[in-house]
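> quick one: sequence plus predicted model below, questions after.
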Number of protein chains: 2
Amino acid sequence: MFESAEIGHKLNKLEYEAQEPSLRIQLLEVQEDLKNASFPVIILIGGVDGAGKGETVNLLHEWIDPHYLETHAFGAASDEERERPEAWRFWRVLPPKGRIGILFGSWYTRPIIDCVYGKTKVGDLAVALMQINAFEKALVDDGALIIKFWFHLSKKAQSERLKSLMKNPDTRWRVTDLDWQHFKLYDKFRRTSERAIRTTSTGEAPWIIIEGADRRYRSITVGKYILDLVSKRIAIDNAKAIKIAPSPVQTNNSFTILDTLNLKQSLSEEDYKRLLEKYQGRLNLLFRQGKSLGQSVILVFEGWDAAGKGGLIRRVTSALDARDYQVIPIAAPTDEERSHHYLWRFWRHLPRSGRVTIFDRSWYGRVLVERVEGFASEAEWMRAYNEIVNFEQQLHEHGTLLLKFWIHIDPDEQLRRFQLRQATPYKHYKITDEDFRNRAKWNEYELAANDMIERTSTEFAPWYLIEANDKKFARIKVMKTLCDRLKK
Amino acid sequence: MFESAEIGHKLNKLEYEAQEPSLRIQLLEVQEDLKNASFPVIILIGGVDGAGKGETVNLLHEWIDPHYLETHAFGAASDEERERPEAWRFWRVLPPKGRIGILFGSWYTRPIIDCVYGKTKVGDLAVALMQINAFEKALVDDGALIIKFWFHLSKKAQSERLKSLMKNPDTRWRVTDLDWQHFKLYDKFRRTSERAIRTTSTGEAPWIIIEGADRRYRSITVGKYILDLVSKRIAIDNAKAIKIAPSPVQTNNSFTILDTLNLKQSLSEEDYKRLLEKYQGRLNLLFRQGKSLGQSVILVFEGWDAAGKGGLIRRVTSALDARDYQVIPIAAPTDEERSHHYLWRFWRHLPRSGRVTIFDRSWYGRVLVERVEGFASEAEWMRAYNEIVNFEQQLHEHGTLLLKFWIHIDPDEQLRRFQLRQATPYKHYKITDEDFRNRAKWNEYELAANDMIERTSTEFAPWYLIEANDKKFARIKVMKTLCDRLKK
């Protein structure tokens, strides 16, 4: 795989000087066009120490306007990063649409290093690489252009390079003990990297291997790749190419899992009060224990309008200390959120250790309201199921406890509640014409909800279906479910 | 000062039950109105341990819709927080317009505790309190409603409270060793708090002292204060009360400090190349040394359109490693930025230890373009000088190195450059009609720039005026200034 990057590609001074000025101008022009484009450019820089990664990135900062170029290097994680799933630190710096982000070191670094140093097994690497593929696919599907450069040096070239850097007093500082330590493991590094590159050179985001020995060659080559790939992508963007939708996979069950719920279940006022007190006390204790263990918790509430999500959330939060939780209502995204992948706005609210985040509506909007109202194309919501399961798997693997509740009522009960809200002065604001419009699409929403439950109920993050025609019953069922899960 | 909070205010059950339901409804209604208001509500919770702070905040979360209420407690700072000025952790969680943010513990906690424990002197406390006043004034001037509650207990009441919490197995966990340790210092705490409250009970943001012994009394009292203050503020907001502008303080110097610059200074190509190489080498070394010391650096570039800021920034960044800096171009704010104080968008970009942030235009837009174009009222830009000096002082005290450059050219040179840009294909996009419109206001901008330099050049953050009719001269002067300052 690396053979073609060991054949001594070179560019002499004259060739370089003939190409560099026009390349620079073209890069500036394409960057200008990019500002109005509907996608971000994510450039990953990986490879062998001493192969000119840093120099190339610095050169790109000279060539491209650094105002619209962000470079992020990933050293040791901060405590705020360690307390969230590993991908959080990458999500928080992904460039918005119209920008170029260079990631120096990336999601590849840790899995490769860990494998080379024997901290993890080859099987772990395989799993990590599959997750990376899913992650990159989600970004590309959302429009991102991902350009992955791997800078390569042969063993001989690397040793020469490190020695020559050491000789010059001006560059000696760049060679660290770690570099030599890595060099000793050259062969293992090479094998592991090759495996990583092979597995993750997907159609959406292939690797580009750059022979790093000659400064002029690698600079011009990297510049040309960027120019070429970004220009092509802009052309597609401008043509607003019609995406070929996958053949529709619709569940046309007229009888859905939601129909199996017995909505007649209810609780007497007396039982309710007794049980509420019991479970709130228990919840409070469990949350406190969880906090002392650093357990982070995410609760998701989805369900029909007027299903009683707000009241439910208040019953849960009264068992919590206000210092430990945030309720995040999901409404229209801000413009910063709109300029990123749709999952970005949820990543930014992930709780730190010992904290609780409660989402009132969530990322499932993608496969519910966005699907039914046509805000997301069929291709978009179809692939969202997988993206969401991947996201939730990362939460699970990090140790975050995720509970998802679908709060279910029937159409008659909804109508009754709408009318009640209209009649109650301080609840009046809660009801708008839109609520009635949504109501008219009950069947479509029901189908969407059913598909969602089928496709995103996993063993690590099952959906809990809550019969909520009787609010008291629903509240107690949620509290009890919470207690049972927290206990585990 | 605390006498009136030791007289045993009480509310019996009947009184409480008579008032609570209507108070809750009114709070929900006022919160609904607040969503459309143009200001945030910041509630600070401070006071004696055991005086019911936590219980009250939890109660407010039951009374008010927690979807639009954020509570933030401040424990130990994260490493990302420690690497920035102390106020950063508060700025990052300030609520946007239309929301209520409760800060549990706040900018008062550290100064008071440090003084009680003898870590700092009384003089330090006085300085900290003055800074707090300036900070709160800046928020209030921007429209924020700040409500500060101090929960008080007499020494006897505190001791009783802690003991009774200890007795009950359900509440014992709430009393920590730290609480008892604080109790031993009750008198010192009381004196210090009294001093803090006295100094910071300003017209803009007075303290409200709440007697904390009786749960029902303190709950209803806090709720009523919030209802009353938010309602009144909304009424003013709706009336769009005309602000009384301070009497205009205009500098009408026809001869300004900018006129004293000798714009004829220039450098030969030869000298330029030699000096550029020399200073870039030196800068690179100095930045690396600074990085290893954890020194964070902020560079601000302001100046006329086409003064050459972009080229200057590129000359500086080529001495830097792309992994260590970010260039932040300041254009129109995002909607999240618009919903906060105008300084918020700059706080969010402060560099961590060892990093460099370069602002191409900056917070000085407030007193330049916003002043001249009338985007900020006279009262707003007049007080901005002080707000900015305070902000920069915090950077200085944290140890961040801040350098501010004004890049100066004359109108003839600007015209020449505009015409050149129009004639150069890949620079064409840099010139718009707006540039010519701004040009027509040269005198007003010059006056604004002059005022800015006069009022915000401080010993810890002086303005460096750069004669830039000759780009080469300007670049070398900036590089040299940077080297000199970094060396120190």
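Looks like it arrived, so ask away.

> please parse chain A into its domains.
Per automatic domain parsing, the structural domains of chain A span A:3-239, A:257-487.

> save the ones you listed as JSON lines, and put in distance to chain B and mean pLDDT too.
For glycine as for every other residue, the C-beta is placed from the backbone atoms N, C-alpha and C. JSON lines is the format used below for the domains of chain A (distance: least, CB to the nearest CB, whole Å; pLDDT from 0 to 100):
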{"stretch": "domain A:3-239", "distance to chain B": "4", "mean pLDDT": "89"}
{"stretch": "domain A:257-487", "distance to chain B": "4", "mean pLDDT": "90"}
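
> out of those, which comes closest to B:Ser106?
domain A:257-487 (12.7 Å; CB to CB).

> next, the distance between the ends of the closest one.
In domain A:257-487, first residue to last residue: 28 Å (CA to CA, to the nearest Å).

> touching, A:Lys188 and A:Val122? I think so.
No. Contact status for A:Lys188 versus A:Val122: not in contact, 11.5 Å apart, counting by CB atoms under 8 Å.

> higher neighbour count, those two?
Comparing A:Lys188 with A:Val122 by other CB atoms under 10 Å in any protein chain shown, the one with more neighbours is A:Lys188, at 14 against 9.

> torsion angles phi and psi at the more buried one?
Dihedral angles of A:Lys188 (phi, psi; degrees, to the nearest 10) stand at phi -70, psi -40.

> quick check: the gap between it and A:Cys115.
According to CB to CB, to the nearest Å, A:Lys188 stands 9 Å off from A:Cys115.

> which elements pack onto the helix or strand hosting A:Ala448?
Secondary structure from DSSP states H and E places A:Ala448 in helix A:442-456. If contacts are counted by 3 or more CB pairs under 8 Å, 6 or more residues apart in numbering or on different chains; DSSP states H and E, helix A:442-456 sits against helix A:369-372, helix A:378-398, strand A:401-408, strand A:463-467.

> angle of the longest one against strand A:401-408?
Right, helix A:378-398. 140 degrees (axes from the mean of the first three to the mean of the last three CA atoms, to 10 degrees).

> report all helices and strands that helix A:378-398 contacts.
With contacts taken as 3+ CB pairs under 8 Å, 6+ apart, helix A:378-398 sits against helix A:122-141, helix A:369-372, strand A:401-408, helix A:442-456.

> who's in contact with it?
Outside of helix A:378-398, the residues within contact range by CB atoms under 8 Å, 6 or more residues apart in numbering or on different chains are A:84-87, A:131, A:134-135, A:138, A:141, A:243, A:245-246, A:248-249, A:298, A:342-343, A:346, A:350, A:363-364, A:366-367, A:370-371, A:376, A:402, A:451-452, A:455-456, A:458, A:460-461.

> report the buried members of these.
Buried by 16 or more other CB atoms under 10 Å in any protein chain shown: A:84-87, A:131, A:134-135, A:138, A:141, A:298, A:342-343, A:346, A:350, A:363-364, A:366-367, A:370-371, A:376, A:402, A:451-452, A:455-456, A:461, out of the contacts of helix A:378-398.

> using PDB, list the CA coordinates for stretch A:113-130.
In PDB, the C-alpha atoms belonging to stretch A:113-130 read as follows (Å, rounded to 0.1, in the frame of the first residue of the first chain):
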ATOM      1  CA  ILE A 113      -1.400   4.300  18.900                       C
ATOM      2  CA  ASP A 114      -3.200   2.100  21.400                       C
ATOM      3  CA  CYS A 115      -3.000  -0.900  19.000                       C
ATOM      4  CA  VAL A 116       0.700  -0.300  18.300                       C
ATOM      5  CA  TYR A 117       1.500  -0.100  22.000                       C
ATOM      6  CA  GLY A 118      -0.500  -3.200  22.700                       C
ATOM      7  CA  LYS A 119      -3.000  -1.400  24.900                       C
ATOM      8  CA  THR A 120      -5.800  -2.800  22.800                       C
ATOM      9  CA  LYS A 121      -6.200  -5.900  20.600                       C
ATOM     10  CA  VAL A 122      -6.500  -6.100  16.900                       C
ATOM     11  CA  GLY A 123     -10.200  -6.800  17.300                       C
ATOM     12  CA  ASP A 124     -10.700  -3.500  19.200                       C
ATOM     13  CA  LEU A 125      -9.000  -1.700  16.300                       C
ATOM     14  CA  ALA A 126     -11.400  -3.300  13.800                       C
ATOM     15  CA  VAL A 127     -14.400  -2.200  15.900                       C
ATOM     16  CA  ALA A 128     -12.900   1.300  16.200                       C
ATOM     17  CA  LEU A 129     -12.400   1.500  12.500                       C
ATOM     18  CA  MET A 130     -15.900   0.400  11.700                       C
END
